[in-house]
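Engineer: this is a predicted model, with the sequence first.
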Amino acid sequence: MIQTASNDSVFVIGSGGHAKVVIDVLLQNNYKIKGVLDDDRERIGQQICGINIIATTDYLNTIKTPSAIIAIGDNKTRKSISQRFNHVKWVTVVHPQAFVHSSADIGFGTIICAGAIVQPGARLNNHIIVNTGATVDHDCFIDSFAHIAPGANLAGSVNVAEGAFMGIGSKVIPDVQIGEWSIVGAGTTVIAPVPSNLVVVGTPARIIGKN
């Protein structure tokens, strides 16, 4: 089941490249975008994809129950922002050209981009990015603030812990766990568990450092 805010008007937090993708997914779902918020004050008054950057994120504190989505690719930044605003209704959006099985459980603040696939029994927590063309197979669990980058593939029953990042084109075989806040580099093939707070690259994956 996909949890969404009841309001069809939403603020977008962040004005970088990922925000362009988020704005498109919102518009494809007929949301009205009230404005973009960014803590870089020099960007206020500019536009992104024709949407005005109107204020810093503190603007949310002037509204009783705003609806918003965090359009920032960095996992730690998404977590930090989400913890600052407990009164916000975080919107979940799925691109019309993505596939999400009806048995999948999708939490709040999560975005599923064009061409992505989420298969039966998958569970995704909050503020997750399943980016363009990524696949999440049956019975996977992805914890909050993780990012599955474009073209990444998770086989069945993979567990991606909080804040982990799966790089572009990375692959994980069935029943493997990716530790919290670890980074799996672009094109990496994971065939064994990855402990927390590490960076792995290559085929098969090898540890090259700490995150």
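Structural biologist: Now that the structure is in, tell me what you want to look at.
Engineer: what number of residues lie near the residue lying closest to residue 84 once chain neighbours are set aside?
Structural biologist: Excluding the flanking residues, the one nearest residue 84 by CB to CB, 6 or more residues apart in numbering is residue 57, at 7.3 Å. C-beta: built from backbone N, CA, C; applies to glycine. Neighbours of residue 57 under the rule other CB atoms under 10 Å: 18.
Engineer: surely residue 57 touches residue 85?
Structural biologist: Yes. Residue 57 is within contact range of residue 85, at 7.5 Å (criterion: CB atoms under 8 Å).
Engineer: what sits up against the longest helix anywhere in the chain?
Structural biologist: In the chain, with assignment by DSSP state H, the single longest helix is helix 17-28. Helix 17-28 has contacts (CB atoms under 8 Å, 6 or more residues apart in numbering) with 10, 12, 14, 33, 36, 48-49, 51, 69, 71-73, 91, 93-96, 111, 113-114, 129, 131-132.
Engineer: in strands, which of those appear?
Structural biologist: Using DSSP state E, 10, 12, 33, 36, 48, 51, 69, 93, 94, 111, 129 are the members of the contacts of helix 17-28 that sit in strands.
Engineer: could you report the pLDDT at the residue lying closest to the first one once chain neighbours are set aside?
Structural biologist: In space, residue 10 comes closest to residue 67 once its chain neighbours are excluded; the distance is 4.7 Å by CB to CB, 6+ apart. Reported pLDDT at residue 67 in the predicted model: 97.
Engineer: so what's residue 67 bridging to?
Structural biologist: Note on residue 67: beta-bridge partners residue 89, judged by DSSP bridges.
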